[in-house]
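*Asks:* How does the following fold in three dimensions:
(2 chains)
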Protein chains: 2
Amino acid sequence: MSKQKKQPRPKALPPKGFRDYFGAEVVERGEMLRKIAGVYHRYGFDALESSGVETVEALGKFLPDVDRPNEGVFAWQEDAEADKPGDWLALRYDLTAPLARVYAQHRNDLPTPYRRYAMGPVWRNEKPGPGRFRQFYQCDADTVGAPSVAADAEICMMLADTLEAVGIPRGDYIIRVNNRKVLNGVLEAMGLTEDVERRDAVLRTIDKFDKVGESGVRELLTKGRLDASGAFIDGVGLSDDQAEPVIAFLTSKAETAEATLTNLRAAVSGSNVGEEGVQELEQIAALVAAGGYDTARIDIDPSVVRGLGYYTGPVYEAELTFEIKDEKGRTRNFGSVAGGGRYDDLVKRFTGQAVPATGVSIGVDRLLAALREKGRMTSLAQGPVIVTVMDKNRMADYQAMAAELRAAGIRAEVYLGNPKNFGNQLKYADKRMSPVAVIEGGDEKEKGVVQIKDLILGAQIAETATLEEWKDRPSQFEVPRAELVDKVAEIVALHAPATATSGDL
Amino acid sequence: MSKQKKQPRPKALPPKGFRDYFGAEVVERGEMLRKIAGVYHRYGFDALESSGVETVEALGKFLPDVDRPNEGVFAWQEDAEADKPGDWLALRYDLTAPLARVYAQHRNDLPTPYRRYAMGPVWRNEKPGPGRFRQFYQCDADTVGAPSVAADAEICMMLADTLEAVGIPRGDYIIRVNNRKVLNGVLEAMGLTEDVERRDAVLRTIDKFDKVGESGVRELLTKGRLDASGAFIDGVGLSDDQAEPVIAFLTSKAETAEATLTNLRAAVSGSNVGEEGVQELEQIAALVAAGGYDTARIDIDPSVVRGLGYYTGPVYEAELTFEIKDEKGRTRNFGSVAGGGRYDDLVKRFTGQAVPATGVSIGVDRLLAALREKGRMTSLAQGPVIVTVMDKNRMADYQAMAAELRAAGIRAEVYLGNPKNFGNQLKYADKRMSPVAVIEGGDEKEKGVVQIKDLILGAQIAETATLEEWKDRPSQFEVPRAELVDKVAEIVALHAPATATSGDL
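*Replies:* This is a model prediction of the structure:
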């Protein structure tokens, strides 16, 4: 620690927008990421862990005409060396920019295609808000150097397997696939390819489809729209006829993939790139069908618009379809937990060469929230068995009990606070969410027994029992010392949730 | 990605002193940390993941009379808000300073004692050197709020269990325990308690015991010493007699713990704090012996000096005792992989109250290196089975094969590069360290068979076989399509190292 000068005491707080994660939160996230990594690994993806710090130059965030990199990242300047000014460094803001740097750096040594997954924290220098933190986890898988849409289909199938592996049952999710090229075809058919300004306005409007729906998009593409707050949003200024192909594209989802593709073909009629896009979707549909993934799991759906402006080819999104209550008590679908697509200029900034790439990013916190919602994440909150201390000169005896319990795979510890007040030991056990307390005083020691207190049953009785029942304390009983481990194991198993995983972690 | 102005291309390099980790390196570290977390969890320790960013104030690195925090950390100033200058933020440089902040912040909600473990990257703004990086992993376990040395004994036993759990066999490690209080007793017995300058000189000298040995320390405590480079190092200036108690302390290790403790008692004779320190070591020896840990695993050893100046009570260090060759080909012990001890001013900076704490930090990279040295880490390098593409119109067939293999727990992928040149597919498989390539051309498809190529056997034959033997290609054979999975599983199992773990990760 540093030298103490006479300073005011520091505040015991993390910086604004940062938080700490405790116990089960950490373990649950770790377990989920491990299951995801297991699926990725089985698909041939290799782990990559790049450093948290990059040069601002490599991140592509440097603005040459200002002293400081822009605000989206946490950045600082290295100390000058000799007469050279120090480099600007920054914390990574996603896992894609570092992948671009790593691939450009190691492209001669890495296999092509390079399938890699990465998981870890990223940092955003943004205004924090409720539930919005400046450090959070991302979990990505990307295939670099594979032009074929078989790579996109593979990632969609892998995403389906991943969701099931972490505990989202089939039927509770759908992966929806769209294609930027089809949209480009629609825009071409509309004659908007050259009119960049208007094209971008249409793209921005399409991005709002999730929020405002078909009629909203129709208004925004034409004469404008009064939004919920009463403000008037200017329209793009198309005629109703001109807007029609966009609407047709967004609503072309039909009962079967074949019918959807037929609708799309009509929407892009006469556009080569549009036709190519429809063909790609057709290939993806065929590949996933052959892989045994029916349209209830992976489906062609042109209403997927998230990221459609950013990606250059197939776009995919995983949505959880089970219902939850939102903050206002309304029922709605859980919604999106992962998304991705194809982007072909990944390493161009570094090498000048376009390299095709496609990848997915899982929203780690959203998926964890979904698993908690589904009750898949309760087992890990169980606390340790507490071996209480009745005689502090017999710590060795108590440590031996804890060691025996651990050897049987049971989480256990000796109380290490001041043992004088036994009530404090039970309060501690309560705070730890312990299932069992073990008690061995002088009497028990002499008789060769231990007291076992079932704390969960005890709490249930305390809530419902009369004073007489409570006095009988059926939740506490005596067993021979030799039966300690078996009896405790029995109670722990009794209280472990059905989804409990194995002993370690 | 950011807008492209006409800038020179960015360099595809991480900042100086940072590096990337690929594939097995990442997975192996993750697996090791998971095993460690499993042991910690079983001992009742709870996970804590604090943010990577702290206020400089909370880290205790702020120098009030300079503009910039000192150089040990990566720090930057937040933008000013209203007329308030922004806070200085910094990346954490260890996991102990954040623990202090978290405990001070949440002390009313956390259990006491609070056992927590933490693992993750830390950052040091230091000059990088060979093998010295500016981002690296730490893995700590600490018990806060337990004054009893039973907490120290527990951590020593947990450390022994941890080393065995990750794959260091009993006999290949020793955990050695010393106590700062005993050293304080020695200094008191020497009359050096008040002579702070001389006491600190003695402490610094003791710190060199590992390097210069008994005779070196004797010289440095007295008249000085000529070091290996020929430079003369001034001595502390004690007489031979005055230096004797320090030497007696450092060399008091005897055959049995009892004999060592007797030696120590003599060395601190007349000092209360020294006597207390010896008693603490005695308690620790008794607790670990009762726990079944003999002195070949955990031993009292006053020659442990690392951190003795920093800690306030028991100090412990885990050393791996098996031999390795160093860079110069000399045989030496692998050495230290973990260390820790008791420090009682953890949260005092924040709250003004001293809170007893004891904890251990595992050198993640050193322990990983040790496991690689012991051959415990080879299984994960095996690449995926490659399903080659003979006809790009039959991708669905190939994807189905890969899916079948994965469903059987076998890592597998379809080749997604340009399939035209079959040689490139095999080169790719080679780069991926694939055990098997699967081949199904038109002929095979018609006959209902697939070709299976055992790439590892193939490589062995290529190294040793004559041209005739090579031509027979016994490493490649045909099996009915229906037997694909069984046959591949057989070959993969054959080549999997003995220590291979289960399918996922």
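*Asks:* In the stretch 201-350 of chain A, what residue lies closest to chain B?
*Replies:* Taking Cβ to the nearest Cβ as the measure, the stretch 201-350 of chain A has residue A:290 as its residue closest to chain B, at 3.3 Å. For glycine as for every other residue, the C-beta is placed from the backbone atoms N, C-alpha and C.
*Asks:* Which element, helix or strand, includes the closest residue to that residue other than its chain neighbours?
*Replies:* Take residue A:290 and drop its neighbours on the chain: the residue closest to it by Cβ to Cβ, 6 or more residues apart in numbering or on different chains is residue B:396, 3.3 Å away. When elements are defined using DSSP states H and E, residue B:396 is found to belong to helix B:395-407.
*Asks:* Which positions within that helix qualify as buried?
*Replies:* B:395, B:396, B:397, B:398, B:399, B:400, B:401, B:402, B:403, B:404, B:405, B:406 (16 or more other Cβ atoms under 10 Å in any protein chain shown).
*Asks:* With stretch A:341-361 instead?
*Replies:* For stretch A:341-361, by 16+ other Cβ under 10 Å, it's A:341-343, A:346-351, A:355-361.
*Asks:* now, which of those residues lie within helices?
*Replies:* Residues of these located in helices (DSSP state H): A:348, A:349, A:350, A:351.
*Asks:* pLDDT weak spots in the stretch 251-400 of chain A?
*Replies:* Applying pLDDT under 70 to the predicted model, the residue ranges of the stretch 251-400 of chain A that meet it are A:377-381.
*Asks:* show me the contacts for residue A:110.
*Replies:* Shown here is residue A:110, whose contacts under the criterion Cβ atoms under 8 Å, 6 or more residues apart in numbering or on different chains are residue A:103.
*Asks:* same deal with residue A:404?
*Replies:* Counting by Cβ under 8 Å, 6+ apart, residue A:404 makes contact with A:484, A:485.
*Asks:* did I read that right, residue A:369 in a helix?
*Replies:* Yes. When classified by DSSP: H, G, I helix; E, B strand; the rest coil, residue A:369 is found to be part of a helix.
*Asks:* So in chain A, where's the weakest helix or strand by average pLDDT?
*Replies:* Here the helix or strand of chain A ranked lowest by mean pLDDT, DSSP states H and E is helix A:467-472, holding a mean of 61.
*Asks:* Could you please name the strands the next helix-or-strand element following that one pairs with and the direction of each pair?
*Replies:* As assigned by DSSP H and E, the chain's next helix or strand after helix A:467-472 is strand A:476-480. Paired with strand A:476-480 in the same sheet, following DSSP bridges, are strand A:449-454 (antiparallel).
*Asks:* for the stretch 1-150 of chain A, what are the low-confidence residue spans?
*Replies:* Scanning the stretch 1-150 of chain A with the threshold set as pLDDT under 70 gives A:1-7, A:61-71.
*Asks:* Which residue ranges of it form helices?
*Replies:* Taking DSSP state H, counting those that start in this stretch, the helices of the stretch 1-150 of chain A run over residues A:24-42, A:56-59, A:96-106, A:150-166.
*Asks:* between the ones you listed, which gets nearest to residue A:368?
*Replies:* For residue A:368, the closest of the helices of the stretch 1-150 of chain A is helix A:24-42, at 5.9 Å, according to Cβ to Cβ.
*Asks:* in that closest one, what's buried?
*Replies:* Neighbour count says helix A:24-42 has A:24-42 buried, by 16+ other Cβ under 10 Å.
*Asks:* and it, how far from the chain's centre?
*Replies:* When distances are taken as Cα atoms, centre = their mean, to the nearest Å, helix A:24-42 is centred 10 Å away from the chain's centroid.
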